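Q: Got a predicted model here, sequence first, then my questions.
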Amino acid sequence: MQDYEQFGESAGATLGGIANGVSTSFSAAIAGWNDVRQKNSMLRTPEEDQRRYGYAPATDHVFLKFNKGYATPNAVSPTQQTTIYNDYSLSLPPSYENQTEITYEWSLKKDGQVLNQSQPAVQLKKAGGHQATQTIKIPKNAEPGTYTFEIILSLDNTYEVNKVDFIVR
């Protein structure tokens, strides 16, 4: 099983792969913005997650919430890389037997223009605290400015959106 996935080999390509045992398919980027590597990790048990954030256990509905997101480093130069971290909590009622499929997708934008985006991918997740990590290599021709990484998680009638900004100098 791979720790990281790479999205895009060349502009216009569509890739398929296996992410933590779950089939995925992703679209490549505008030229230069095609090197995004992703890793997903479970960080906390449901009990640890509830203690850390004060969330009550789910009894009759799904609870999905982003806790924080950030980029490190927050300011980079072309040819460097930044890593986007998104921490989220998933709590499930007993009828879900402690796991469910979450639909996961992301996009990378500058000034409202999409530079790279994934196709929706379904991943099997257990209840608890999770972290989605994307490492982005900044192309040598990147324009200076603020870039936004947006991640969307959804299941059933529940969805969460989180945006993280980083700066290219």
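A: That came through, no problem.
Q: need the helix or strand of this structure with the lowest average pLDDT.
A: Ranking every helix and strand in the chain by mean pLDDT, DSSP states H and E puts strand 14-19 at the bottom, with a mean of 31.
Q: in stretch 125-144, what counts as buried?
A: The neighbour-count check on stretch 125-144 (16 or more other Cβ atoms under 10 Å) flags 125, 127-134, 136-139, 142 as buried. Where you see a C-beta, it was placed from the backbone N, CA and C, and this is true even at glycine.
Q: What residues sit buried inside stretch 56-70?
A: Across stretch 56-70, burial judged by 16+ other Cβ under 10 Å covers 58, 62, 63, 64, 65, 66, 67, 69.
Q: Ok, stretch 42-58 next?
A: Quick answer for stretch 42-58 (16+ other Cβ under 10 Å): 44, 46, 49, 50, 55, 58.
Q: And stretch 117-126, by the same measure?
A: Quick answer for stretch 117-126 (16+ other Cβ under 10 Å): 117, 118, 121, 123, 125.
Q: and if you look at stretch 72-87?
A: In stretch 72-87, counting by 16+ other Cβ under 10 Å, buried: 76, 82, 84, 86, 87.
Q: Quick check: of these, which lies closest to residue 155?
A: residue 86 (15.8 Å; Cβ to Cβ).
Q: residue ranges with poor pLDDT in this protein?
A: 1-29, 31 (pLDDT under 70).
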